[in-house]
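Student: task: produce atomic coordinates for the following.
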Amino acid sequence: MNSVQLPSRRALNVLGFGVCAALMAFALYAQHVLGLEPCPLCIFQRIAMIALGLVLLVAALHGPGRTGGIVYGVLAGLCALAGIVIAGRHVWLQSLPPDRVPSCGPGLGYLFDNFPLGEALKQVFSGSGECAKVDWTLLGQSMPFWVLVCFVVLGISAVANGWRHTPR
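Tutor: Residues are numbered from 1 along each chain as shown. The predicted structure follows:
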């Protein structure tokens, strides 16, 4: 019985990078064409997606051996995990009843200009009313939900790809 041959680790890293780039392109389209302004949690999700994409791109360009593949898999997994935490928090805020949603806070620029980094990040992750607003859906689910799904799929795929024993 013939086994199915997966593409090379390098090819799958290029594919993962392409998915991250496409997701970022859609985020920019949603912002600049559809007029959907990103909230602070959306911005941090973008940062995590860019970091994940960059790890996958560097892994693809480097084409490491077994140990390097594991290192890149772990790094990609950590970036995806950060994105999962941020997107998960965002989905949770959006699921709150209206009377439980935190009030809107100051903008991201103001927070980083006027508070120490730790305090600014704490305020961002506590969320605000603008983060709970759902202004785009696909199949009844919000953008942060779909970003969460993408982080889970990309993270699992990147870790599995990095840990598998295969030619470069």
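
Student: and the closest residue to residue 79 other than its chain neighbours, what element?
Tutor: In space, and not counting its chain neighbours, residue 79 is closest to residue 52: 3.9 Å by C-beta to C-beta, 6 or more residues apart in numbering. Every residue, glycine included, has its C-beta placed from N, CA and C. Using DSSP states H and E, residue 52 sits within helix 40-62.

Student: buried ones in that helix?
Tutor: By 16 or more other C-beta atoms under 10 Å, the buried positions in helix 40-62 come out as 40-42, 44-46, 48-53, 55-57, 59-60.

Student: now do that helix: which elements does it pack against?
Tutor: Packing partners of helix 40-62 (3 or more C-beta pairs under 8 Å, 6 or more residues apart in numbering; DSSP states H and E): helix 9-32, helix 66-95, helix 108-114, helix 117-126, helix 129-132, helix 143-163.

Student: for stretch 155-162, buried residues please.
Tutor: So for stretch 155-162, counting by 16+ other C-beta under 10 Å, buried means 155, 157, 158, 159, 161, 162.

Student: with stretch 84-97 instead?
Tutor: 84, 85, 86, 87, 88, 89, 90, 91, 93, 94.

Student: ok, so of those, who is nearest residue 144?
Tutor: residue 90 (3.9 Å; C-beta to C-beta).

Student: now the closest one: how far from residue 109?
Tutor: Note on residue 90: its distance to residue 109, by C-beta to C-beta, to the nearest Å, is 19 Å.

Student: quick one: stretch 22-32 to chain centroid distance?
Tutor: Distance, stretch centre to chain centre, for stretch 22-32: 13 Å (C-alpha atoms, centre = their mean, to the nearest Å).

Student: what do you get for stretch 61-72?
Tutor: Counting by C-alpha atoms, centre = their mean, stretch 61-72 comes out at 22 Å from the chain centroid.

Student: just the buried positions in it, please.
Tutor: With burial defined by 16+ other C-beta under 10 Å, the residues of stretch 61-72 counted as buried are 64, 69, 72.
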